[in-house]
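Colleague: Here is my input, please return the structure:
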Amino acid sequence: MTDSTWRRRGALLGLLLALPLAAADAAPPAAAGAWVVKPEWVKADEEALASDALQGRGSATADEAKAADWVAARFAEFGLARAPGMDTYLQKATVMQPELSGAPVLSAGGEALGNVALLMAPLGEVRGALAVASSADPAALPTADIVAITSDKADLSAMAEAAHAKGVKLLLVRESPLTKMVVQQMGGRPQMSAYLEGQTPHAMAVAAVPGRAFDRLVRDPGKEVVLALPGLTMGRGTTTNAIGYLPGTDPAAGVLLLSAHLDHLGRRPDGTIMHGADDDASGVTAVVELARALSAAPRSRRGILFVCYGAEELGGFGSAYFGAHPPVPLDRIAANIEFEMIGAQDPKLPKGALMVTGYERSNLAETLAAHGAQVAPDPYPSEHFFERSDNYQLALKGVVAHTLSGWATTPVYHKPTDTIANLDLPFMTSAIQSLIEPVRWLAASDFQPQWKSGGQPGR
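Modeller: Okay, the predicted model is just below:
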């Protein structure tokens, strides 16, 4: 899981929002006679996706492509068709990836400040007059190229979002335990502003300045500040979506889209593999096991697309490319259910339940619940999880799209401890099981999910 619009353009805000809580028990097993999701299948899926061999499935890397190949092989094994207009199960896109080999240099009035931690990097040198924001209110943020935030009560994620909306090029904050944690969890590397080839890149930078240097800096608003990036080069990567299709019996009924993201954070410079067993090998496992179950049944009225996106952690690029190049017109997609981090039970939710981001925005979740889905509203509205997963790319285009998640604030989020050993496999198996019949009903029905008044983003 990562962040959307501004929130989706890097791991920074997701890292700031992780909160540790405690786990709970799994939901009861499936009713007799229904398709049964076998725990050994779930475990095997996780062992393949979160293995050392895939090196953490880094976004737009060969390891991500190997994960996509593995998913594509499962789709073929289950007898899924290729999506309309596609001659393979794979959809590829080019991602432009800036790379920084040197240390960033921040100077004010010609004086280098030193030891600056770059949390998000621009695509080149940033230069401008310094404005100082003393208020913690994002609405009071100055409109300027370079802004320093001095309030220790400021919500960095909210201030960054406001800065992005106002066209700020460089946001400066005082170094703190929080910024040090972010740097550590990013492996000591700045979050670079990757972008899809042909699109306008996002270029705002965020930097943490050591305390004394920061205090000297903010005493002199109006001074020229320069952020230089020695060793900045532009690389190219390929991100890969895996797509399988179950055709429906009624072309006029539209299709369902079941999705998750393939990638995670790859391997750190120190060699640590970020396995991403929960984020989001667990979601991919859900898509794979639903494909296995639904492909074994007679064809439904609606077709079903099963999609596992690449490059979500870089900024939702796989889903953005899919949304721009869908194998079926977007207005034929009746609903999108995204699976994100379903590997553990959230203690704030009812036993056995998954949360639905943006539950109240449409009639989809409440209708699935009425047909047996163990789902509940998002207990963390201030975290904006609806905007922080791949569902959002399609929701912005009008598709009724939500994410189902287990423990969204799990303490292993974006940490080396996100491994198979820390999954609750019985809960995960039960969660997948609970959705088979509700999804099968949705695929067979003439129910048309709709946004509620004010629910569709961007409206």
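Colleague: Skip the chain neighbours and tell me the closest residue to Phe322.
Modeller: Leaving aside its chain neighbours, Phe322 sits nearest to Asn241 (5.7 Å; criterion: CB to CB, 6 or more residues apart in numbering). Placement of C-beta: from N, CA and C, glycine included.
Colleague: One more: Gly85?
Modeller: With sequence-adjacent residues excluded and distances taken as CB to CB, 6+ apart, Gly85 is closest to Pro327, at 5.4 Å.
Colleague: Likewise for Leu80?
Modeller: Counting by CB to CB, 6+ apart, the nearest residue to Leu80 once its immediate chain neighbours are dropped is Gly244, at 3.5 Å.
Colleague: ok so the one you found is a strand residue?
Modeller: Yes - applying DSSP: H, G, I helix; E, B strand; the rest coil, one finds Gly244 inside a strand.
Colleague: about what we covered before: near the residue nearest to Phe322, how many other residues are there?
Modeller: For Asn241, the neighbour count with other CB atoms under 10 Å is 27.
Colleague: packing partners for the helix or strand harbouring it?
Modeller: Using DSSP states H and E, the element containing Asn241 is strand 232-246. Applying 3 or more CB pairs under 8 Å, 6 or more residues apart in numbering; DSSP states H and E, one finds that strand 232-246 contacts helix 62-77, strand 90-100, helix 283-295, strand 303-309, helix 317-324.
Colleague: For the helix or strand following it, give me every contacting residue.
Modeller: Per DSSP H and E, the first helix or strand lying C-terminal to strand 232-246 is strand 255-261. Residues outside strand 255-261 that contact it (CB atoms under 8 Å, 6 or more residues apart in numbering): 248, 280, 283-284, 286-287, 290-291, 302-310, 312-313, 318-319, 328, 332-340, 389-391, 394, 399, 401, 439, 442-443.
Colleague: now the angle between strand 303-309 and strand 255-261, please.
Modeller: With axes from the mean of the first three to the mean of the last three CA atoms, to 10 degrees defining the directions, strand 255-261 sits at 20 degrees from strand 303-309.
Colleague: What strands line up against strand 255-261, and which way round?
Modeller: Note on strand 255-261: by DSSP bridges, its sheet partners are strand 303-309 (parallel), strand 333-340 (parallel).
Colleague: For Leu80, find the nearest of these.
Modeller: Nearest to Leu80, of all the strands paired with strand 255-261, is strand 303-309, at 6.7 Å by CB to CB.
Colleague: so Ala443, which of the three states?
Modeller: helix.
Colleague: quick one: Gln448 and Ala334 touch, right?
Modeller: Yes - using CB atoms under 8 Å, Gln448 and Ala334 qualify as a contacting pair, with a distance of 6.3 Å.
Colleague: out of these two, which sits in the busier spot?
Modeller: Shown here are Gln448 and Ala334; by other CB under 10 Å, Ala334 has more neighbours (22 against 12).
Colleague: contacting residues around the closest residue to that one other than its chain neighbours?
Modeller: Excluding its sequence neighbours, the residue lying closest to Ala334 (CB to CB, 6+ apart) is Gly254, at 4.1 Å. Gly254 makes contacts with Arg302, Gly303, Arg332, Ile333, Ala334, as judged by CB under 8 Å, 6+ apart.
Colleague: Let me know the next secondary structure element after the helix or strand of the chain with the lowest mean pLDDT.
Modeller: Here the helix or strand of the chain ranked lowest by mean pLDDT, DSSP states H and E is helix 12-16, holding a mean of 37. Where DSSP H and E defines the elements, the next helix or strand beyond helix 12-16 is helix 39-49.
Colleague: one step back: Serialize the contacts of Gly254 to TSV and add fields for distance to Thr429 and pLDDT.
Modeller: Below are those laid out as TSV (distance: CB to CB, whole Å; pLDDT from 0 to 100):
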residue	distance to Thr429	pLDDT
Arg302	26	98
Gly303	26	98
Arg332	32	97
Ile333	28	98
Ala334	27	97
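Colleague: Out of those, which is nearest to Val116?
Modeller: Comparing the contacts of Gly254 against Val116 with CB to CB places Ile333 closest, at 44.5 Å.
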